[in-house]
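1. just a sequence and a predicted model for now, questions to come.
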Amino acid sequence: MYRFTFSLATLMLATVLVGCGESPSASTSKPASLSAASLPDSAIAAESPGEATPIAKLKSTAKAGDQVTLRAVVGGRSEPFVKDRAIMLVVDATLPRSCGVEPDDPCKTPWDYCCSASEELMPNLATVQIVDAEGAPLKVDLGSGPIKPFDTIVVSGSVGDRPDDKTLVVNTSSVYVENAP
Amino acid sequence: MRLLPLDYAVRNLGRSPLRLAMSVVGAMLVALLVLTASAFVRGMERSLIGSGSLDNVVLLGAGSEESIERSEIKASVASQAAASIHGIRSQLGQAYVSPEVHMALPVTGAPDTTTSNQVLIRGISAAAYLVHPQVRIVDGRAPRQGADEIMLGRLAHTRMGLTEDAASVGRSLYFEDRAWKIVGRFDAPGTVMNAEIWTPLNDLMVAARRDTISCVVLTLGDAEFADVDAFAKTRLDLELTALPEADYYGQLVAFYTPVRMMIWLTAGLIALCGLFGGLNTMYAAFVSRVREIGMLQSLGYSRRAIAISFAQESLIAAACGTLIAAVAGMMLLDGLAVRISMGAFGLRMDTTTLMLGLGAGLLLGLIGALPPTVRCLRMPIPAALKAA
C-alpha cells in the first residue's frame, strides 16, 4: 500500500517536472541604460528671453542656423519627451487647446492635442533640444524634471537642419518655464 | 495521536467501485478544465509577449500606436532611419532595418469560395529574417519577389479554417483577387507570427495598391531606444512614433485581459459545480459508514485520526483523477492550435499550468471530504453504532 501511495506522489511530482523543460523566451535581453543625469540648473532660465515668433511663421521663413524665439506648450504627442534625452515636442502657444479644457474631460493625455486636426496641429508643432557645448542633446530625462506636459515655455535658440518645411528643430541651452513655481 | 494505517484508506477505496469511479472522474474533469483554462491563457500571453524582442523598436505612424495595421508611413522611412540613427545592429553591411506592411485580409482556399477568414498578411524584405530571428523556414523556401508567392506560418491554416494539407507547399491561396502560390512554411514558436502569411513587400504593396508601408522594425546595436525616439520626434515631416516592440505586444496582452478574466471566471464556476458534485458523492459515501466511524471511535481512534484517514481516501481518489487529467492534457492539449481574432496560438502546458491543474484536483479532494467527515463525526458514539 505504501508503495502505491509513494508511486502516486512520485507520479504527481514527475508530472509537474515534465513542464519544467520550457524553452526560454525568444526575446533577448538588453542591459538597461544608465540612469540619466538631472537637468542642470542653468538649463532653466530665470527670465523670458524676449518676444516670440509663431511656429507656423518660423516654419515658412527660418533657415538652418537662424536665431529664433518661440513661445509654446509642451505637447503634441501623448509622450512629448524623449526618455533620457533633453528633447521635447512643443505646440505653438497660440493654438487653442481643444482637449482638457473642461474639468470633466475624460481625455487622459490632453496635451497631445488629439482633438485637433492633423492639418491644424502639424504647422504649429516643433522640436526643442537642450544641447551641450558641442551641440548634442543633454542625456537627461526631461519628463522627470521641472518641465511637465502642458507647461508653457519660451525658448531662444538656433534652428537645426531643415530637411523640409514641416520640420523645425530649435537647439537651445536654456528654457524659460512661464508657470514655474 | 494514533493514526489509522494508510492501507485502511486505500482498501476502503475499492469497497464501491462505482463511487470511486465517480470521484476519480469528477476530479479529472475539474483538473482538466483548470488545465485547459490555464493553457489557453498562458498560450495567449506567451505568443504575445514572445512576439516582441527587447532589442527591437517599431517605427509606426503617429496616432497608430495601438494597431500596426492602421499605421501608414512613407516607404522611405526605412532608409532614412538606417542613415540617421547610429548604432543600429548590422551584419556584413546589412542593417537590421525591416520595412513591413501588415494587412488583415480575407483569404480563401479556392477562387470561388465565398466564406473566408481574415488573416494577417505581412509584406517583408530580406531584413525581416534579421529582425525576427524566431522565424525558421521548416518546409520549402522563402517567397520570391514578383512571382505572387507566399510563405505560411505553422498555425496559419488554423487561422484560415483550412486543413494542413490544403495549406501545404505547392497549393494556392486567394486574396486581393489573385492566386498566391505557397512555396514555404515557417515556424516562429510562441509568437503571433506563426498565424501569419508572409509575402514580398513590393508584391503586397502592388496587390493592395498602396504606396505606404505599415512600420519599420529595427534592432538596436549600440544605439538606445532614446536615439530612435529622438529620430521620430525630430523628423516631424515623417509623422512617426517609436515604440519598443515588447511594449507594443504588451499593450495587446492588456487588451485581451477581459477575455482572460472571462475564461478564469467560467473555469471557476464550472470547478465550483465539480466541487458540489464531489461533496454530494462524499456525503453519500461517508453517511453510509456512520456505524464504521462509531466502531473506530470505540476502538480508541480519535475523531481527528478518522478525519485524516477519510481525507487520505478522498485525496488518493482525487490524485488519480488529476493525474489522468494531466496526462490527457499533455497528450491532447499541449500545442493545440486555437483561433482568436488576433490570429492563432498553441495551448501551453507548462509547469505553472500543471501546478494549477494538480492543485485544483487535490484541493477538490480535500475540500470535498471535509464537510461530510465533520458531519459524520459530530454524531455521539452510541447513536453512531445504532445507525442503520
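-> Received, thanks. Keep in mind the model is a prediction, meaning the values are calculated, not measured. Numbers count the residues shown, from 1 in each chain, chains lettered A, B, ... in the order given.

2. which SS state does residue A:101 fall under?
-> The three-state label given to residue A:101 by DSSP: H, G, I helix; E, B strand; the rest coil is coil.

3. quick check: phi and psi at it.
-> phi -80, psi -50 (degrees, to the nearest 10).

4. can you tell me the closest non-neighbouring residue to it?
-> Taking Cβ to Cβ, 6 or more residues apart in numbering or on different chains, and ignoring the residues beside it in sequence, residue A:101 has residue A:110 as its nearest neighbour in space, at 7.8 Å. Placement of C-beta: from N, CA and C, glycine included.

5. for the lowest-mean-pLDDT helix or strand in chain B, buried residues please.
-> The weakest-scoring helix or strand in chain B, judged by mean pLDDT, DSSP states H and E, is strand B:337-340 (a mean of 75). Buried positions in strand B:337-340, judged by neighbour count with 16 or more other Cβ atoms under 10 Å in any protein chain shown: B:337-338.

6. pairing partners for it, with directions?
-> Taking DSSP bridges as the criterion, strand B:337-340 forms sheet pairs with strand B:343-346 (antiparallel).

7. next up, the contacts around the residue in the stretch 151-300 of chain B that chain A sits nearest to.
-> Here the stretch 151-300 of chain B gets closest to chain A at one residue, residue B:237, 3.9 Å apart by Cβ to the nearest Cβ. The neighbours of residue B:237, taking Cβ atoms under 8 Å, 6 or more residues apart in numbering or on different chains as the test, are A:163-164, A:166-167.

8. so what's it closest to, chain neighbours aside?
-> residue A:166 (3.9 Å).

9. rewinding a little: number of nearby residues for the residue nearest to residue A:101?
-> Residue A:110 has 20 neighbouring residues, counting by other Cβ atoms under 10 Å in any protein chain shown.

10. surely it is in contact with residue A:99?
-> Yes: applying Cβ atoms under 8 Å, one finds residue A:110 in contact with residue A:99, separated by 3.7 Å.

11. host element of residue B:203?
-> helix B:201-207 (DSSP states H and E).

12. can you name the residues in contact with that helix?
-> Outside helix B:201-207, the residues that reach it (Cβ under 8 Å, 6+ apart) are B:75, B:99-101, B:103, B:121, B:123-125, B:143, B:145-149, B:175-176, B:178, B:211, B:213.

13. swap the cut-off to 6 Å and go again
-> B:101, B:123-125, B:145, B:176 (Cβ atoms under 6 Å, 6 or more residues apart in numbering or on different chains).

14. and after it, which helix or strand comes next?
-> Heading C-terminal from helix B:201-207 (DSSP H and E), you reach strand B:212-213.

15. in its sheet, what does that next one sit against?
-> Strand B:212-213 has its sheet partners listed here by DSSP bridges as strand B:73-74 (antiparallel).

16. pull the next helix or strand along the chain from the strand it pairs with out as CSV, backbone CA atoms only.
-> Where DSSP H and E defines the elements, the next helix or strand beyond strand B:73-74 is helix B:77-84. C-alpha atoms of helix B:77-84 as CSV (Å, rounded to 0.1, in the frame of the first residue of the first chain):
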residue,chain,number,x,y,z
VAL,B,77,11.4,55.8,-43.6
ALA,B,78,13.5,52.6,-43.5
SER,B,79,16.4,54.1,-45.5
GLN,B,80,16.1,57.4,-43.6
ALA,B,81,16.2,55.7,-40.3
ALA,B,82,19.1,53.5,-41.3
ALA,B,83,21.1,56.5,-42.4
SER,B,84,20.2,58.8,-39.5
